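>>> Take a look and give me a structure for this.
(chains A and B)
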Amino acid sequence: MLGYQRSDGRKGIRNVIVVAYLVECAHHVARRIVDVSADMDVQLIGFPGCYPNEYSLRIMKNLCIHPNVGGVLILSLGCEGFNREGLHATVAASGRPVDTLVIQERGGTASTIAAGVKAVAAMKESIAQTPRVPIGLEELVIATVCGGSDGTSGLTANPAVGKCFDRLVALGSTCIFEETGELIGCEQIMAERAITPALGEAIKACVTKAAHYYTVMGYGSFAPGNADGGLTTQEEKSMGAYAKSGDSPISGVIKPGDHPPSKGLYLLDVVPDGEPRFGFPNINDNAEIAELIACGAHITLFTTGRGSVVGSAISPVIKICANPETYQRMPDDMDVDAGRILNGEATLDEVGGEIFAKVAAVASGERSVSESLGHQEFILTYKSFEPVGPACLPMRARRA
Amino acid sequence: MNSNDSSRLILLHEKDNVLACRRKINAGDTIVIDGRHIVARGEVDVGHKLARADLAPGDVVLKYGVPIGSITQPTRIGEHVHTHNMKSDYIAITTRHSTGEEAKS
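Numbers count the residues shown, from 1 in each chain, chains lettered A, B, ... in the order given. A predicted model of the protein is given here:
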């Protein structure tokens, strides 16, 4: 398995150029640059808002210096509040090629697109020289998320991911599970897996925070399709979602953009701190995936019952289909068919092993199904967080 | 588990009072629950739940051996357990046709 050596010591499994727009007003120009470049490893990310926000700046910085990223082209309209100089400086300090194009200073749409296409082409040449080095599974950060869950998710795909996570954690990989709003009802059993009692209390506190936040918003993390698929309550969905975490001890709680400070299993607390200010914690599955990638995830394991099709910019998404009927309907969107467990055609351990093998293959360069189909969804919105407390990271945090 | 219709139903935990459906059940099908033969009154889809025993309003629903909500309507053994006869003990859910505000009441 060969990875891409980055100067901060981390290693990537992809060598992507990201074109990052800093306000919706620069979105079209950025998208055209990506379209004209016509390369699956030139990808679009961005932030829509004109008001500055510490969280989104931090997430963008972490994404732009993610080990899967080789170079960055920043697209600014010119008058938005995003700290483009700060983002540019962070990328430059990481040793990556970076360019910032300000549309208002570049003569407008057409000339900026032309300049951007040229800049991307030059960057492609320069990152082709990135050293390739051996990379082991123990050097990877693997995340998991579920989307379009149904009553089969908690029976097949989620516990199978849990089996894969247990193997990865035993090998020394770093694994991240998340969505504290989908762990409502599991706080007690989850706290008992914490490596210290204080961390257990911190886990319970972040689920309490999530329950409060969602109650104020008036909606749980529960979509109509979840009910169509047989899930009746938030806590039932939670129990199924929780199974993705496997049985390993929980080493810490991190927040979006924090890099896990050690190997092991981490819980990502995605619910903003303080009273609700900017809306729902994560407005869709891709908002969660973007946060996991900002925490360093090289690959995301995405379980689905109803049949999600999404992928992501920057880091590959592996799709694990929980429901055998869904798999029959949309097999071309799935990497792993976990519904066979329900039909008695495979065991949880066998499917866990298939997911593990798929992680190794995708880390070695094989394209996941969503990558091959061109799925590069990305979304980032406003949020606000306080840093995690000392109890959350018994192994000590390295804030990125 | 042996006394259940294991090709179509899964008992996830001994304590559970619901069974998970692994293959679609149609109205009129005979299903076996703890050795009792029950004629299904309605359709139950894959991934959905049905009652392992007669359940009364206020009964806590146990799945995976843990509480996942409570019963709101009398429910007979073998009957579909879902949003029509069960609710969350944490936070109301919403549908495409109701807002969060309506669902809270």
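
>>> what does chain B have sitting close to chain A?
Residues of chain B lying near chain A by CB under 8 Å from any CB of the partner chain: B:7, B:10, B:12, B:20-23, B:45-49, B:61, B:63-64, B:66-69, B:81-83, B:86-96, B:99-101, B:103-104. Using the backbone N, CA and C atoms, a C-beta is placed for each residue, glycine as well.

>>> Provide a ChimeraX selection command restricted to the buried entries of these.
Typed into ChimeraX, the next command selects the buried ones out of the residues of chain B next to chain A (criterion: 16 or more other CB atoms under 10 Å in any protein chain shown):
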select /B:12,20,21,22,23,45,46,47,48,49,61,63,64,66,67,68,69,81,82,86,87,88,90,91,92,93,94,100,103
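
>>> what residues does chain A put near chain B?
Contacts of chain A with chain B, taken as CB under 8 Å from any CB, map to A:150-155, A:184-185, A:189, A:211, A:214-215, A:217-220, A:222, A:224, A:226-227, A:229-236, A:239, A:305, A:323-325, A:342-344.

>>> For the residue nearest to A:Asp285 when sequence neighbours are not counted, give me its contacts.
Spatial nearest neighbour of A:Asp285, excluding adjacent residues (CB to CB, 6 or more residues apart in numbering or on different chains): A:Gly147 at 3.8 Å. Contact analysis of A:Gly147 by CB atoms under 8 Å, 6 or more residues apart in numbering or on different chains lists A:Asp285, A:Phe302, A:Thr303, A:Thr304, A:Ser308, A:Val310.

>>> So the first one sits against A:Ser308, correct?
Yep, that's A:Asp285 we're talking about. Yes - counting by CB atoms under 8 Å, A:Asp285 does reach A:Ser308; the two are 6.5 Å apart.

>>> Residues that sit against both of the two, list them.
Here A:Asp285 and A:Ser308 have A:Gly147, A:Gly148, A:Phe302 as joint contacts, going by CB under 8 Å, 6+ apart.

>>> quick one: which of those sit in strands?
A:Phe302 (DSSP state E).

>>> In a markdown table, list the shared contacts of A:Asp285 and A:Ser308 along with pLDDT.
Below are the shared contacts of A:Asp285 and A:Ser308 laid out as a markdown table (pLDDT from 0 to 100):
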| residue | pLDDT |
| --- | --- |
| A:Gly147 | 93 |
| A:Gly148 | 92 |
| A:Phe302 | 98 |
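
>>> which stretch of helix or strand covers the residue lying closest to A:Glu187 once chain neighbours are set aside?
Leaving out its chain neighbours, the residue that sits closest to A:Glu187 by CB to CB, 6+ apart is A:Val207, at 3.9 Å. Taking DSSP states H and E as the criterion, A:Val207 maps to helix A:197-217.

>>> Same question for A:Leu75.
According to DSSP H and E, A:Leu75 maps onto strand A:69-76.

>>> Now do that strand, average pLDDT.
On average, the pLDDT along strand A:69-76 is 98.

>>> A:Pro324 and A:Ala211, how far apart?
Going from A:Pro324 to A:Ala211 by CB to CB, to the nearest Å gives 33 Å.

>>> got a list of what A:Ile289 touches?
Counting by CB under 8 Å, 6+ apart, A:Ile289 makes contact with A:Ala143, A:Val145, A:Thr300, A:Phe302, A:Val310, A:Ser312, A:Ser315, A:Val317, A:Glu377.

>>> and the first one, helix, strand or coil?
At A:Ala143 the chain is in strand, as set by DSSP: H, G, I helix; E, B strand; the rest coil.

>>> returning to what we had before: which neighbours does the strand holding A:Leu75 have in its sheet, and in what orientation?
Strand partners for strand A:69-76, identified by DSSP bridges, are recorded as strand A:16-21 (parallel), strand A:98-102 (parallel).
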